[in-house]
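Colleague: Sharing a model prediction with you, sequence too.
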Amino acid sequence: MVQDESQKDVDEYLKLFTNYKLKLKEAKAQGLHEKPSYKRELESYKKQLAKNYMTDAKVNDALVEEAYNHISNDIKANHILVRLAEDASPQDTLVAYNKIRDLRKRAVNEGFEIVRKQVHNGKTVFGEELGWFSGFRMVYKFEKVAYNTPVGEISEPFRTRFGYHIVKVFDKRKARGERTVKHIMISTKQGDTSTDAETRIKDIYTKIKQGETFEDLAKEFSDDKNSAPSGGLLKPFSSGQLSVPEFEEAAFALQNKGDISEPIKTNFGWHIIKLENAKPIGAFKELKPELEDKVKRDARSQLIEEALISKLKDKYGITNTDLSYFKTILNEDFYKRNLETSRRF
């Protein structure tokens with residue numbers, strides 16, 4: 001009886017394995033293994049499997065601590081960018097590098113802001129105001145240089161995937177955490193004057209002061225149709241996430257839940273803001289798991305891999321990393337286990 005059951009299991013497994021191999025053969029005959037979507041998915045799986053092995057604990061811990069320091073502090077900076085494709089030729093790369101070097105010299109002598117405004121053309125050269133930002137808001141190379149540049153100084157030229165940059169840091173401060181707010185917005189509609197919108201927002205503000213419910217007024221009067229149905233509620237945000245600095249400053253000026261701002265004006269119109277929640281930056285121990293995950297998904301992860309590869313090279317005395325020989329032997333014979341090792345090996 002045991003033998004019969006065992007044979008039954010073997011037969012079932014053999015049937016499954018045969019069907020599996022037939023499906024693989026059919027898929028290959030149809031050329032599915034050459035499809036770009038399949039190749040992308042396979043490459044993704046390879047990277048996922050490698051992640052558990054391509055890591056260096058010391059470097060990972062250092063990057064996580066650095067990330068916490070960055071999210072705990074905000075930076076106010078502007079930059080000048082000379083655009084350059086990632087696959088640019090050596091000649092084009094040298095031209096872009098020399099150009100950013102010249103712009104830095106001019107910025108030092110003539111003033112960063114004067115040069116930034118003069119050279120911006122929105123195509124090949126960008127001179128942009130960045131406002132306040134913190135960790136993970138910029139590409140890592142840019143973020144690292146900005147945090148390592150003293151207030152009032154202009155960085156040396158550096159390259160990201162966008163091209164060559166120089167950055168000037170104007171100020172640094174402790175991060176203000178996260179805010180969740182509700183707002184009532186009166187936009188300046190076509191045909192209206194700014195006075196019309198200001199009058200309407202002041203009337204609403206008077207109603208709030210007289211005791212009417214903020215949320216009901218938002219539903220009835222707010223021109224922000226996305227947030228009005230929920231009483232004006234917006235998604236949580238931190239410094240630098242909004243493109244409206246006046247709104248951001250007014251929101252962070254509110255300290256206690258339920259505090260309501262006076263009417264403020266932005267490019268979108270007039271607003272009244274109500275604070276729902278003020279969340280400070282958490283302790284390192286609390287945020288560490290989240291930061292570890294972000295570091296693994298960020299460009300920082302490349303530094304971890306590079307550190308591990310360098311350590312392994314040193315450990316095993318590897319100086320020659322030419323893999324061309326191995327490419328020649330990874331053929332059908334290799335996968336069928338008919339490999340005969342070359343005498344060179």
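Modeller: Thanks, I have the structure now. Numbers count the residues shown, from 1 in each chain.
Colleague: drop to CA atoms for contacts and neighbour counts, all remaining ones
Modeller: Fine.
Colleague: what's the nearest residue to residue 224 if we skip its chain neighbours?
Modeller: Leaving out its chain neighbours, the residue that sits closest to residue 224 by Cα to Cα, 6 or more residues apart in numbering is residue 185, at 6.0 Å.
Colleague: where does the one you found land in three-state SS?
Modeller: Under DSSP: H, G, I helix; E, B strand; the rest coil, the three-state class of residue 185 is strand.
Colleague: Check residue 87 too.
Modeller: Assigned state for residue 87: coil (three-state reduction, three-state DSSP).
Colleague: any idea how far it lies from residue 131?
Modeller: According to Cα to Cα, to the nearest Å, residue 87 and residue 131 sit 30 Å apart.
Colleague: So those two - more neighbours on which side?
Modeller: Counted by other Cα atoms under 10 Å, residue 87 and residue 131 do not tie: residue 131 has more neighbours, with 18 against 9.
Colleague: What ranges does the stretch 51-200 of the chain have for its strands?
Modeller: 73-83, 125-133, 158-160, 163-174, 178-186 (DSSP state E, counting those that start in this stretch).
Colleague: Tell me what residue 154 is bridged to.
Modeller: On the basis of DSSP bridges, residue 154 is bridged to residue 168.
Colleague: got a pLDDT number for it?
Modeller: On pLDDT, residue 154 comes in at 98.
Colleague: pLDDT of stretch 11-31, averaged?
Modeller: When pLDDT is averaged over stretch 11-31, the result is 87.
Colleague: I misspoke; the intended subject was stretch 249-263.
Modeller: Throughout stretch 249-263, pLDDT has a mean value of 97.
Colleague: What residues of it count as buried?
Modeller: 250, 251, 252, 254, 260, 261, 263 (16 or more other Cα atoms under 10 Å).
Colleague: The fourth one touches residue 272, doesn't it?
Modeller: No - using Cα atoms under 8 Å, residue 254 is not in contact with residue 272; the gap is 11.7 Å.
Colleague: And residue 203, its phi and psi?
Modeller: According to degrees, to the nearest 10, the main-chain angles of residue 203 amount to phi -60, psi -40.
Colleague: likewise residue 237?
Modeller: When read as degrees, to the nearest 10, the backbone of residue 237 gives phi -150, psi 160.
Colleague: Could you measure from it over to residue 250?
Modeller: 13 Å.
Colleague: before we move on, back to that, switch the strands of the stretch 51-200 of the chain over to TSV; also include mean pLDDT and distance to residue 321.
Modeller: Listed next are the strands of the stretch 51-200 of the chain as TSV, based on pLDDT from 0 to 100; distance: least, Cα to Cα, whole Å:
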stretch	mean pLDDT	distance to residue 321
strand 73-83	97	33
strand 125-133	95	38
strand 158-160	98	26
strand 163-174	98	29
strand 178-186	97	47
